[in-house]
Every structure is written in C-alpha cells, then in structure tokens.
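Participant: Build the 3D model from these lines:
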Amino acid sequence: MTSLNGILAAIATPFDEEERIVESALRAHVRRQLTAGVHGIFALGTNGEFYAQSAAERAEAARIVIDEVAGAVPVVIGAGAATTKETIAIASDAAAAGADALSIITPYFAAASQVEIENHFRAVADSVDVPVIVYNIPARTGNAVAPATLETLAEVENITAVKDSSGNFDTILQYLERTDRETFDVISGNDSLILWTLLAGGAGGISGIANIYPQTMASIYDLFVAGDAAAARTAQDSIRPIRNCLALGNPNTVVKAAANERGFDLGPARAPFNALSEEAKKQVAATVAADVERGLA
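Facilitator: Numbering: from 1, shown residues only. The predicted structure is shown next:
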C-alpha cells in the first residue's frame, strides 16, 4: 500500500455492559462499513477507544478487524502509546497481524519537544516494514507535530501520511505545502474538514461520523472524484447537526450513542467516559431521527 485515498471509517470498538469486546458486533460493524462503500477501515484510534484498552485487547481487536476485512480495503491500525518502547511493541504486533498501515499518535501526557517527537516517529518507523501515518491531535495529547517537523518526517521512506485532527485548517494547508502530494498523503481527521481538505489537494478523511452514517461519509469522496462538487458539499454540510452533538459529552460516547440509536449495537464507552445526561441522550436521539428522515445513511 503506497497511498490512502477516500474515506476511512474510524470504527468504534463494541463493548458489552461488562466492558468486554464483543467480537460479533465488531465484525458486523466492519461489514456495515464495507457494504456502505467506505474506502478503508481505521481501527483502534480515538473513536476505537485505544486509550481505554490493554495491549492484549488491542491486539485481539486488530486481529478481528483484519480478518473480517479480508483484504477488501486497506486496514489502518492505531498503534500509538505514551512511550516509544510501548509504541514499538504495539506497532510490531499490529504489523505482524497484517495491518496495511499503522497510525501513530504523538506521545502524550508529558510535554515533548519537536526533536523528541521526531525521534519517536523515526524509531517507530524503523521498527516496522509497513507504512506509518503520523497522527496529530494536540487537543487530546498536548503535543502537536509542527509543519516543519512533518516535512522532515515525510522524508522517512515508510512514513507516508499524516492524519490531522487539530481542527485547524491552516495546519492541513501547511502540511500540504511542505510535503510531496505524489508520495505523501495528507488526511483530515476532522469530519467537518474532509471536503475542504480534498479541494486543497488532500487525500481524504478518517471519519468518526462514519460509525453513524457510513454511506453519507463515503459519498463525500465519491461525489468529489466524480466531479460533482455541489453534491459533495451537500453531503459534507449534512453532518453538521450530529457534529454539533459532539459537544454534549465525550465525543466517542456521543458517537456510540448515536450509532446505537441507528441500531448498530456498539454498546457503551468504557467508564468513566460513558455518562451522558438524559437531556444529551434525548438530543442525540432526536438528531439521529431527523438525520435519517433527511436521508442520511
């Protein structure tokens, strides 16, 4: 795999009420995404609650997803951790399991300099023989990948893409300006910026909203490449109401609640990130009902 194009579904990890991974629900959710026409599967990222799972659980989930996809589309596995040593161990396991690419989040909790961030990604890339995606989400990690740092990392042979979830479109533009679009993919990790990233020359988006409306999310890219920018804009704009709901609580919890309203049986988020107010639940339910009535799928 040399390039990631289109919409990759950032799938949630289904849990039961005892917080155990539900294999049947995870497999069903993967099939749901493939049937809807997504262009790739991104497992064990932020929406996959990687931060709430043990290394063994992450390995189990990765193997289930890779097995279920069975080569139909690229599979990206989130393999990041707070330290380089732990990240290399998780990344090596995911690569051995058959991941097509690995998403590596910046180190988190402790402040990291740009030199430390660069050293971290280089060490991980050196440890595996599959493509590595730099995952920039500073609001969650406290550490951002500066455009100049990304420019340097893009010269590493198997660092082939960046997923930007900063929410700052100028960061995406700077990433595009400093990398070669023929050999390096810039991907939006913010659902609201997918079309704009495509228009600027990016490769696509990694979408949490695909857990709820996979067909709608995939259509943004399909319509764009078909040359129907107006329809792509309509699809992009259509997710604004559910995106607004993400402010009601932990976004991962809101996404699961909305997907469950659609009957997708993803279960709860892991405690303590699982307590939506009754008012929030009602708003999510009403939003999903209205979205489905408008044709989102």
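
Participant: all strands of the stretch 101-250 of the chain, in order?
Facilitator: Assigned by DSSP state E, counting those that start in this stretch, the strands in the stretch 101-250 of the chain fall at 101-105, 132-136, 159-164, 185-188, 204-207.

Participant: Give the burial count for Ser188, as a bare number.
Facilitator: Other residues within reach of Ser188, judged by other CB atoms under 10 Å, total 27. For the C-beta atoms, the positions are set from N, CA and C on the backbone; glycine is no exception.

Participant: was I right about it contacting Thr197?
Facilitator: Yes: the pair Ser188 and Thr197 passes the contact test of CB atoms under 8 Å, sitting 4.0 Å apart.

Participant: Quickly list what's touching both of the two.
Facilitator: 172, 204-205 (CB atoms under 8 Å, 6 or more residues apart in numbering).

Participant: Redo those as CSV? Include pLDDT, distance to His120 and neighbour count.
Facilitator: Listed next are these as CSV, based on pLDDT from 0 to 100; distance: CB to CB, whole Å; neighbours: other CB atoms under 10 Å:
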residue, pLDDT, distance to His120, neighbour count
Ile172, 98, 22, 26
Gly204, 97, 25, 26
Gly205, 98, 25, 31
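
Participant: Take these and write them to TSV, including distance to Val132.
Facilitator: As requested, these are exported to TSV (distance: CB to CB, whole Å):
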residue	distance to Val132
Ile172	19
Gly204	17
Gly205	19
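
Participant: Which single one of those residues is nearest to His29?
Facilitator: For these, the minimum distance to His29 (CB to CB) is 18.4 Å, reached by Gly205.

Participant: Quick one: residues contacting Lys256.
Facilitator: By CB under 8 Å, 6+ apart, the contact set of Lys256 is 12, 211, 266-269.

Participant: For it, give its distance to Asn274.
Facilitator: 8 Å (CB to CB, to the nearest Å).

Participant: Just list whatever residues bridge to Val75.
Facilitator: Residues in a beta bridge with Val75, per DSSP bridges, are Ile41.

Participant: Could you check how far it is from Leu153?
Facilitator: Per CB to CB, Val75 is found 22 Å from Leu153.

Participant: likewise Ala235?
Facilitator: Ala235 is 32 Å from Leu153, by CB to CB.

Participant: re the thing from before, more neighbours, Val75 and Leu153?
Facilitator: Val75 (26 against 21).

Participant: pretty sure that one contacts Gly40?
Facilitator: Yes: with contact defined as CB under 8 Å, Val75 reaches Gly40; the gap is 7.1 Å.

Participant: List the contacts of Val254.
Facilitator: Taking CB under 8 Å, 6+ apart, one finds 245-246, 248, 276, 280, 284 in contact with Val254.

Participant: Which of the three states applies to it?
Facilitator: At Val254 the chain is in helix, as set by DSSP: H, G, I helix; E, B strand; the rest coil.

Participant: separation between it and Ala269?
Facilitator: Val254 sits at a distance of 9 Å from Ala269 (criterion: CB to CB).

Participant: Please apply the same query to Ala94.
Facilitator: The spacing between Ala94 and Ala269, counted by CB to CB, is 22 Å.

Participant: cool, and Asp180?
Facilitator: Distance from Asp180 to Ala269, by CB to CB: 38 Å.

Participant: the more surrounded of those two?
Facilitator: Set Asp180 next to Ala269 and count neighbours by other CB under 10 Å: Ala269 wins out with 26 against 10.

Participant: Please report how far the more buried one lies from Gly208.
Facilitator: Note on Ala269: its distance to Gly208, by CB to CB, is 13 Å.

Participant: Mutual contacts of the two, please.
Facilitator: Asn252.

Participant: List the contacts of Ser103.
Facilitator: By CB under 8 Å, 6+ apart, the contact set of Ser103 is 42, 45, 76-80, 133, 135, 163.
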